[in-house]
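J.: Quick one, structure for this:
(one chain, ligands or ions: 1)
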Amino acid sequence: MDLLLAKDDYAGLKQLIEDNKIKCAISKTCNWTDVRQFNLMFSTEFGAVAADNPDDNKVYLRPETAQGIFVNFLNVQKTGRMKIPFGIAQTGKAFRNEIVARQFIFRMREFEQMEMQFFIRPGTQMEWYKFWSEERIKWHQSLGIPAEKLRFHDHVKLAHYADAAMDIEFEFPFGWKELEGIHSRTDFDLKQHQEFSKKKIQYFDNDIDAATNKPYGNYTPFVVETSVGLDRLFLTIISLAYAEEKWLKEDGTEDSRVVLKIPAKIAPTKLAILPLLKKDGLPEIAKQLMDDCKSSFMCFYEEKDAIGKRYRRMDAIGTPFCVTIDHQTKEDNTVTIRYRDTMVQERIALADVKRLVMEKII
Ligand code: ATP
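T.: Residues are numbered from 1 along each chain as shown. Just a heads-up that it's a prediction; the model follows:
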């Protein structure tokens with residue numbers, strides 16, 4: 001079978017299935033269609049005018065962002081005067097003709113990838129592969145993802161270009177799934193680009209090799225790649241942050257809220273500035289605070305509705321801090337700060353608000 005697959009011999013594969021009387025596990029019949037290749041990529045036509053033969057103008061939407069980095073390797077290395085080891089990272093759209101695109105934004109046909117190709121000396125790939133797998137899991141934890149919800153999964157079957165590969169998996173509400181891929185891609189990609197572009201893609205390493213006492217010289221760098229889906233990461237953060245909470249108030253009635261417990265450093269809005277009333281000079285003090293803070297982090301100003309309602313709206317969009325300016329502010333320059341996750345409120349100096357928020361978001 002491997003031989004037939006290698007030769008793309010689909011008629012031969014169908015014959016093999018029929019000769020062995022292989023049955024469909026579901027229908028228990030041998031009523032097979034012809035063997036066909038899955039369309040893994042999206043094709044389209046290039047150019048303003050349709051070609052007589054559509055194949056002449058056929059192009060494919062990229063299924064990963066990596067190849068743009070490989071094509072630009074020499075540009076970046078030479079213009080940036082980079083020495084190996086160094087990495088190039090970028091984010092961009094990728095398109096895959098997924099057979100089943102499901103589970104909200106977990107698997108889509110158009111998605112956003114954040115990839116890094118780290119260029120290294122041949123032979124050092126296992127060292128860097130280990131380094132990046134550890135760095136990347138630490139990075140996910142730095143976004144507030146608990147360590148027990150992350151794990152490594154080594155690939156047993158490797159892609160033809162890789163000599164080691166693993167996934168960082170996250171425990172989604174629907175089970176453990178890949179969040180990021182880490183691959184040791186050898187020199188496969190650069191060599192392919194070199195072969196088909198007929199342009200030399202090599203690096204001259206003038207560091208001294210201790211074994212030979214001579215410079216390492218010219219080589220095609222090896223690559224360790226880290227590749228994470230931005231949308232999938234967003235789903236990770238949201239699935240951890242979203243909570244519906246209920247509790248009993250002092251009078252025995254029930255209260256509830258929807259809250260996004262997004263870590264302060266990645267919450268879209270950091271601070272809500274809420275004058276208790278629309279009058280008595282309170283909006284002026286609030287706007288002054290807004291002016292002090294708005295160039296340092298994202299703030300939201302609101303004077304409409306009861307304060308409780310305003311807090312709930314901020315909970316629902318994940319704003320970690322709300323500051324209320326009231327009549328006491330006019331007397332002693334203090335404000336009430338309310339913390340989203342605990343709903344605890346405390347009185348602090350107006351002059352300390354900006355510093356307190358800055359400390360929590362860096
Ligand atoms: P999977 O096993 O989930 O199909 P993959 O092994 O094909 O993923 P890679 O090629 O390693 O994924 O892509 C790197 C990252 O891009 C994945 O870890 C994932 O976060 C993201 N990704 C891949 N395919 C999709 C998709 N269809 N929709 C959203 N994100 C995706």
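
J.: Can you tell me, leaving aside adjacent residues, what's nearest to Asn39?
T.: Nearest residue to Asn39 in three dimensions, chain neighbours excluded: Asn97, at 4.9 Å (Cβ to Cβ, 6 or more residues apart in numbering). All C-beta spots, glycine's among them, are computed from the backbone N, C-alpha and C.

J.: what residues are up against the one you found?
T.: Asn97 is in contact with 38-42, 109, counting by Cβ atoms under 8 Å, 6 or more residues apart in numbering.

J.: Let's have these in CSV, adding pLDDT, secondary structure and distance to the ligand.
T.: Shown next, in CSV, are the contacts of Asn97 (pLDDT from 0 to 100; DSSP: H, G, I helix; E, B strand; the rest coil; distance: Cβ to the nearest ligand atom, whole Å):
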residue, pLDDT, secondary structure, distance to the ligand
Phe38, 78, coil, 13
Asn39, 79, coil, 14
Leu40, 87, coil, 10
Met41, 92, coil, 12
Phe42, 92, coil, 12
Arg109, 95, coil, 7
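
J.: which of those has the most neighbours?
T.: Counting neighbours by other Cβ atoms under 10 Å, Phe42 leads these with 15 neighbours.

J.: in stretch 266-282, what counts as buried?
T.: Within stretch 266-282, the residues scored as buried using 16 or more other Cβ atoms under 10 Å are 267, 269-276, 282.

J.: Enumerate the residues of the stretch 1-150 of the chain near the ligand.
T.: Residues of the stretch 1-150 of the chain found near the ligand (Cβ under 6 Å from any ligand atom) are 96, 98, 107-108, 111, 113.

J.: what about 5 Å?
T.: 98, 107-108, 111 (Cβ under 5 Å from any ligand atom).

J.: Which members of these are the farthest-apart pair?
T.: Greatest spacing in those, by Cβ to Cβ: Glu98 and Phe111 (9.3 Å).

J.: When those two are compared, which one has more neighbours?
T.: Remark: of Glu98 and Phe111, Phe111 carries more neighbours, 18 against 13, as counted by other Cβ under 10 Å.

J.: what about the nearest residue to that one once chain neighbours are set aside, which SS state?
T.: Residue nearest to Phe111 in three dimensions, not counting chain neighbours: Asp231, with 5.0 Å by Cβ to Cβ, 6+ apart. Following DSSP: H, G, I helix; E, B strand; the rest coil, Asp231 is assigned to helix.

J.: Could I get the contacting residues of Asp231?
T.: 105, 108, 111-112 are the contacts of Asp231 under Cβ under 8 Å, 6+ apart.

J.: Can you give me the distance of it to Phe152?
T.: Distance of Asp231 to Phe152, computed by Cβ to Cβ, to the nearest Å: 22 Å.

J.: So in terms of bridging, what pairs with the one residue in the stretch 201-350 of the chain that gets nearest to the ligand?
T.: Sorted by distance to the ligand under Cβ to the nearest ligand atom, the residues of the stretch 201-350 of the chain start with Gly229, at 2.6 Å. Taking DSSP bridges as the rule, Gly229 bridges to Gln113.

J.: thought it was touching Glu110?
T.: No: here Gly229 lies out of contact with Glu110, judged by Cβ atoms under 8 Å, at a distance of 11.6 Å.

J.: Provide the secondary structure category for the closest residue to His153 other than its chain neighbours.
T.: Counting by Cβ to Cβ, 6+ apart, Asp167 is the residue found nearest to His153 once chain neighbours are left out, at 4.6 Å. Per three-state DSSP, the secondary structure class of Asp167 is strand.

J.: quick one, what contacts Asp167?
T.: The neighbours of Asp167, taking Cβ under 8 Å, 6+ apart as the test, are 152-153, 155, 178-182.

J.: In ChimeraX, how would I select just the buried ones from the residues you listed?
T.: The ChimeraX command for the buried members of those (criterion: 16+ other Cβ under 10 Å) is given here:
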select :178,179,180,181,182
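
J.: Could you single out the nearest of the contacts of Asp167 to Asn20?
T.: Nearest to Asn20 out of the contacts of Asp167 is His155 (Cβ to Cβ; 28.9 Å).

J.: which residues touch the closest one?
T.: His155 is in contact with 162, 165-167, counting by Cβ under 8 Å, 6+ apart.

J.: Swap in 7 Å and give it another go.
T.: 165-166 (Cβ atoms under 7 Å, 6 or more residues apart in numbering).
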